[in-house]
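Enquirer: Any chance you can model this:
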Amino acid sequence: MTADDQLHHAHPPRNRPIDGDFDPTAVTFAAMALFDHLDAAQRARIVVPLSDENRLHWNFLPESGRAGLPLRDMTDTQRYLTHRLVAQSTSLTGYAKAIQVMSLENVLRELNVGAFGHVAAHFRDPNGYYLTFFDQPQPDASWGWRLVGHHLSLNVTVVGQDRMAVTPFLLGAEPARIGPFRILGEEEDRAFALLDALDPAQRATATIHPVPPPDFATRCVPVIGAEEWPDVHGVGRRDAMITDADRAALRYVRGAPRGLPRAGMSPAQAAAFDELLGSFLSNVRPAQLGREMDRIRSAGLDALHFVWAGGHTIDTPHYFRIEGPVTLVEFDNTEDDANHVHTVWRDPTNDFGIDVLAEHRAAQHRSPSGSEESKPHEGGRDG
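Expert: Purely as a prediction, here's the structure:
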């Protein structure tokens, strides 16, 4: 049985790199509808050039001085249209997770009152999420949008109305389990199901260190480098500290994956691995999911590795990642006695649409015969 045979039936190989789906256009139209409902002052706050370095600042922790327009400074209609933009850019499941992340700020505010008093209402705010447009959304243009705040960082780039990039895609939950909320429970349960399905030797290969990192091994770097080490502790936190020796053991090395390769799994284990991967990728719309699976297949599905660190039970601090040539998923649940989750899906080659933007610009500078045009592209809508 080949790797493709084991893929979930919902993600079959597609016939062409571009199937002409309507998603990029629908996202652009949703953004245009919102833009047209903004006044001049709001437009000045929300639009940043596509080429601006701020586009790569996707940090999800509470901070001051963010670029963009917060939900709290929007009218009800503008907030509705912002939600429509998010929903148009994600699957219904992905949208549901995003709004639950924001809603959980209400619970966290009450949990933090004892420690922070009245100021908890300032930085635990379900409307404290900032929307930014990178260039004005227009048909057939290259532009992007970002919605970022505590435990949420959605980054979408529309390239020439034909393609989209959707990474980094970050969701978190604090607390991870409380009342009706377990926003990222499916991802966690599938990871433990795969871990439990491994035999002792495979589990030992997958587990690269008994101590998990305090947060992502790659942190929130704008561009993933050749080698990334986790921090000693989380930002503003000291309850999950590690040593430099731990950092070295947990490091991410691009092009040298760690852990257990998918190729070393049985068919049943590989199917469980695919389900785990799908729980992260299925936050985007079906056509975009197809594109992402095309990229992963082209790079080699069996080149993906399953990496674990920390405890092997859900109530102990634990971390896992899926890494491969064009894929990096990280899941960290180490703080607050393993009740505080951070997850991110990244593409080491195409975060923020860097790869597809370069391809698009090269194509626009090329004549129909395939030779390079001597005249630069006019119009300036590529950023």
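Enquirer: Spit out the contact partners of residue 105.
Expert: Counting by Cβ atoms under 8 Å, 6 or more residues apart in numbering, residue 105 makes contact with 124, 125, 126, 128, 150. C-betas here are computed from N, CA, C, even on glycine.
Enquirer: Kindly recompute the last result at 10 Å.
Expert: 62, 112, 120-121, 123-129, 149-152, 174 (Cβ atoms under 10 Å, 6 or more residues apart in numbering).
Enquirer: Just the closest of those residues to residue 241, please.
Expert: Closest approach between those and residue 241, by Cβ to Cβ: residue 174, at 18.1 Å.
Enquirer: Nearest residue to that closest one in space, please, no chain neighbours.
Expert: Excluding the flanking residues, the one nearest residue 174 by Cβ to Cβ, 6 or more residues apart in numbering is residue 340, at 4.7 Å.
Enquirer: returning to that earlier point: in strands, which of the contacts of residue 105 fall?
Expert: Among those, the residues falling in strands (DSSP state E) are 149, 152.
Enquirer: Now the buried members of the contacts of residue 105.
Expert: Neighbour-count burial (16 or more other Cβ atoms under 10 Å) is assigned, among the contacts of residue 105, to 62, 112, 120, 123-126, 128-129, 149-152, 174.
Enquirer: Any stretches of this protein with poor pLDDT?
Expert: 1-20, 236, 365-383 (pLDDT under 70).
Enquirer: which strands and helices sit next to the helix or strand harbouring residue 77?
Expert: Following DSSP states H and E, one finds residue 77 within helix 76-89. Packing contacts for helix 76-89, counted by 3 or more Cβ pairs under 10 Å, 6 or more residues apart in numbering; DSSP states H and E, involve helix 23-36, helix 92-116, strand 130-134, strand 143-149, strand 152-159.
Enquirer: gap between the spatially closest residue to residue 355 that is not a sequence neighbour and residue 89?
Expert: Of all residues not flanking residue 355 in the chain, residue 349 sits nearest, at 5.2 Å (Cβ to Cβ, 6+ apart). Distance of residue 349 to residue 89, given as Cβ to Cβ, to the nearest Å: 21 Å.
Enquirer: Which one's more surrounded, those two?
Expert: residue 89 (26 against 15; other Cβ atoms under 10 Å).
Enquirer: Between helix 92-116 and the helix holding residue 77, find me the angle.
Expert: Interaxial angle, helix 76-89 versus helix 92-116 (axes from the mean of the first three to the mean of the last three Cα atoms, to 10 degrees): 130 degrees.
Enquirer: measure stretch 349-359 end to end?
Expert: 12 Å (Cα to Cα, to the nearest Å).
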